[in-house]
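K.L.:
Turn this into a structure:
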Amino acid sequence: MQASFGALELDLEWRTTVLVLLLLPVLVTLGFWQLDREREKRELLARFEARQAAAPARLGQALAAREPAALAYLPVRLQGRYVAGRYLLLDNRIQGGRFGYEVVSLFARDDGAYTLVNRGWVPGDPARRSLPQPAAPAGRVELTGQLYVPPDPPYLLGEQSQAVDDWPRVVQALEMAPLTAALAAELGAAVFPWSVRLDATAPGALAAAWPVVNVSPAKHRGYAVQWFTMAAVLGLFFVLRSSNLWALLRGGPKATGRKDD
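P.N.:
Take a look at the predicted model:
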């Protein structure tokens with residue numbers, strides 16, 4: 001298709017036009033998606049900062065009835081005992097470039113209920129010939145930490161067992177709903193629906209350094225700029241490929257930017 005607008009001449013080649021019409025909306029959509037992710041991360045960080053100023057709440061079933069969004073990163077305290085030998089190892093957790101696991105222990109609270117407590121990171125054997133055996137304090141302890149409500153469902157490479165008769169065991173991630181239901185049935189007691197990430201100074205804490213977000217808001221904005229830049233380059237390519245704009249800018253003849261096939 002050919003058209004003229006004064007000195008500007010357009011000659012739209014159908015294959016180039018179709019390619020641009022397909023790619024340009026995708027690139028722009030990805031850019032706005034990254035901006036949305038930036039906004040979500042900023043809101044999450046602001047909520048985290050606001051909740052760290054609150055005094056730790058006593059962990060109990062009253063908290064379990066609250067909306068998950070109201071519980072995320074809420075400081076809590078709980079008293080009870082670690083259940084010996086009952087822990088899960090969250091697989092393939094990297095810290096400082098080293099392979100390891102996060103240790104999630106079963107904790108029996110004084111009120112008769114149970115909670116899964118993430119004690120932090122331990123190094124692992126990259127060859128996977130052996131598993132770490134982190135000891136937990138014996139006797140009654142008081143723990144402080146933050147409730148962890150995952151912002152997204154866990155990513156799993158395949159279905160994982162929720163069996164609660166095999167301890168310790170390696171899991172890809174915590175699927176809290178089926179896991180706590182299976183534990184409650186096996187223990188005959190209530191299990192808090194979300195895990196607690198221990199403070200670094202809590203009894204039994206390991207390498208407990210918890211990033212609030214895995215990708216910073218600034219990086220999301222940087223990714224958005226990249227997508228929008230690619231969209232702009234594609235649009236510029238299309239204009240130069242399908243018109244004589246470049247020749248006009250150079251003061252040359254009114255030839256189209258592409259050669260006839």
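K.L.:
Let's check: the centremost residue of this protein is which one?
P.N.:
Nearest to the mean C-alpha position of the chain, by Cα atoms, centre = their mean, lies Asn214 at 5.8 Å.
K.L.:
low-confidence ranges in the chain?
P.N.:
Residue ranges of the chain with pLDDT under 70: 1-11, 61-62, 65, 154, 156-158, 160-164, 244-249, 252-261.
K.L.:
Tell me where it has helices.
P.N.:
Using DSSP state H, the helices of the chain run over 14-52, 61-64, 68-71, 176-187, 217-242, 245-249.
K.L.:
residues contacting Ser105?
P.N.:
Under the criterion of Cβ atoms under 8 Å, 6 or more residues apart in numbering, the contact partners of Ser105 comprise Tyr82, Val83, Arg86, Tyr87, Leu116, Val117, Arg119, Ala136, Gly204. (Glycine included, C-beta is placed from N, CA and C.)
K.L.:
so how far is Val28 from the fifth one?
P.N.:
Between Leu116 and Val28 the distance is 42 Å, computed by Cβ to Cβ, to the nearest Å.
K.L.:
Neighbour count: those two, which is higher?
P.N.:
Neighbour tally, Leu116 and Val28, criterion other Cβ atoms under 10 Å: the higher count belongs to Leu116, 23 against 17.
K.L.:
that older thread, make CSV from the helices of the chain and add distance to Asn92 to it.
P.N.:
As requested, those are exported to CSV (distance: least, Cβ to Cβ, whole Å):
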stretch, distance to Asn92
helix 14-52, 23
helix 61-64, 30
helix 68-71, 25
helix 176-187, 18
helix 217-242, 22
helix 245-249, 51
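K.L.:
Quick one, which of those gets closest to Leu143.
P.N.:
The closest of those to Leu143 is helix 61-64. By Cβ to Cβ, the value is 14.6 Å.
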